[in-house]
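**Q** Need a 3D model of the sequence below.
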Amino acid sequence: MESNELTVVIVTYRSQNKIFTCLNSIPSNINIIVVENSNNLDFKKLIESKYSNVQCILAKENLGYSRGNNIGLNRVKTKYALVLNPDAKLEKNCISNFLNVAKKFEDFWLIGPANNQTDYRVDSDEFEVENLKGFAIFFNIQKFNSSFFDENFFLYFEEIDLCKKVKRKKGKIILSKKIKINHEGSGSVEKDNKKELEKNRNWHWMWSTFYFHKKHRGFLIATITIMPKFVSSIIKIIYYQLTFNIEKRDIYYSRMSGIFNSVLGRKSWYRPSLD
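**A** Numbers count the residues shown, from 1 in each chain. Sure, this is the predicted structure:
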């Protein structure tokens with residue numbers, strides 16, 4: 001039943017240090033699509049030779065979370081798909097618990113794990129929520145008509161935007177306490193080039209913040225929301241320039257640039273320069 005109904009989709013980018021733990025936690029009878037956001041043929045050959053249930057698609061370039069997952073999701077032939085981060089590890093009976101919840105709520109759109117969080121003060125093991133975290137999202141494929149994540153997002157806010165789309169269509173988003181997934185967080189890429197990755201995070205966080213608010217609340221509210229962060233970034237750029245802290249200056253310059261480009265309606269173009 002599991003192998004016939006579910007496909008796992010994992011988007012990776014230089015995640016060789018995490019992906020194998022993730023893959024080893026998935027039952028071997030489940031088909032897995034890995035979308036590698038690079039042209040790393042050696043990586044593709046390695047995981048496809050090591051795991052007979054894995055198909056690795058090379059995206060040729062760094063497409064980001066949304067576009068990468070859309071590539072994988074549009075290749076899915078099964079009824080359900082589980083989008084999973086490469087630094088996530090499934091605990092015992094995780095897949096069976098996902099499928100049990102899917103059978104219980106047949107008209108659901110998305111399911112996610114509660115992940116041992118203590119802030120859900122409800123008696124039921126499964127309940128409806130407004131949002132899910134992006135490290136593990138279980139899709140009812142037929143509900144989406146091949147339209148999944150907004151590809152304008154490169155990084156951040158993608159899953160919140162997706163959940164808003166589902167809620168606008170009166171779709172059910174279910175959280176289950178029984179589904180257990182370990183998620184390391186901030187560990188999906190190699191930990192080299194920390195400065196470049198920090199600049200990348202700051203640029204995209206600011207770009208996505210403005211774009212998200214503009215999309216859902218309008219340009220004026222988005223501008224009011226982002227303006228204090230824009231002014232703060234300029235002040236800190238000047239301060240760190242005067243104190244010769246070039247690394248901090250560059251990070252806040254990235255924040256300012258992300259805001260500036262998003263306000264001007266430019267695409268989310270920034271990519272980290274990694275060795």
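**Q** For residue 244, grab the count of nearby residues.
**A** Using other CB atoms under 10 Å, residue 244 has 8 other residues around it. Yep, even glycine has a C-beta here, placed from its N, CA and C like the rest.
**Q** Quick one: low-confidence residue ranges for the protein.
**A** By pLDDT under 70, the low-scoring segments of the chain are 1-3, 116-121, 185-193, 274-275.
**Q** Please tell me how far the residue of the chain positioned farthest from its centre sits from residue 205.
**A** Note on the chain: the largest C-alpha distance from the chain mean falls to residue 242, namely 37.0 Å (CA atoms, centre = their mean). Distance of residue 242 to residue 205, given as CB to CB, to the nearest Å: 25 Å.
**Q** so how far is the first residue of stretch 71-85 from its last?
**A** This stretch, stretch 71-85, spans 15 Å end to end (CA to CA, to the nearest Å).
**Q** contact partners of it?
**A** Residues external to stretch 71-85 that are found in contact with it (CB atoms under 8 Å, 6 or more residues apart in numbering): 4-11, 22, 31, 33-35, 55, 57, 59, 63, 69, 90, 95, 98-99, 102, 134-142, 144, 146, 148, 181, 183, 188.
**Q** Next, the buried residues of that stretch.
**A** 71-73, 76, 78, 80-85 (16 or more other CB atoms under 10 Å).
**Q** same thing with stretch 228-237?
**A** Buried residues in stretch 228-237, counted by 16+ other CB under 10 Å: 229-230, 233, 236-237.
**Q** Likewise for stretch 83-95?
**A** Neighbour counts over stretch 83-95 (16+ other CB under 10 Å) mark 83-90, 94-95 as buried.
**Q** Dump the residues you listed to a markdown table, plus distance to residue 172.
**A** Shown next, in a markdown table, are the buried residues of stretch 83-95 (distance: CB to CB, whole Å):
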| residue | distance to residue 172 |
| --- | --- |
| 83 | 17 |
| 84 | 21 |
| 85 | 23 |
| 86 | 28 |
| 87 | 28 |
| 88 | 23 |
| 89 | 27 |
| 90 | 23 |
| 94 | 20 |
| 95 | 20 |
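**Q** pretty sure residue 125 is in contact with residue 179, am I right?
**A** No: here residue 125 does not reach residue 179: they are 9.4 Å apart, not a contact under CB atoms under 8 Å.
**Q** More neighbours: which of those two?
**A** residue 179 (26 against 14).
**Q** surely the more buried one meets residue 111?
**A** Yes: with contact defined as CB under 8 Å, residue 179 reaches residue 111; the gap is 7.5 Å.
**Q** For the two, list the residues in contact with both.
**A** 98, 101.
**Q** Format the buried residues of stretch 228-237 as a markdown table; extra columns: secondary structure and distance to residue 163.
**A** Conversion of the buried residues of stretch 228-237 to a markdown table gives the following (DSSP: H, G, I helix; E, B strand; the rest coil; distance: CB to CB, whole Å):
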| residue | secondary structure | distance to residue 163 |
| --- | --- | --- |
| 229 | helix | 24 |
| 230 | helix | 27 |
| 233 | helix | 29 |
| 236 | helix | 32 |
| 237 | helix | 34 |
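**Q** Pull the most distant pair out of those residues.
**A** 229 and 237 (12.6 Å; CB to CB).
**Q** For residue 62, see how far away the spatially closest residue to residue 209 that is not a sequence neighbour is.
**A** Nearest non-adjacent residue to residue 209, counting by CB to CB, 6 or more residues apart in numbering: residue 226, 6.2 Å away. Residue 226 sits 25 Å away from residue 62, taking CB to CB as the criterion.
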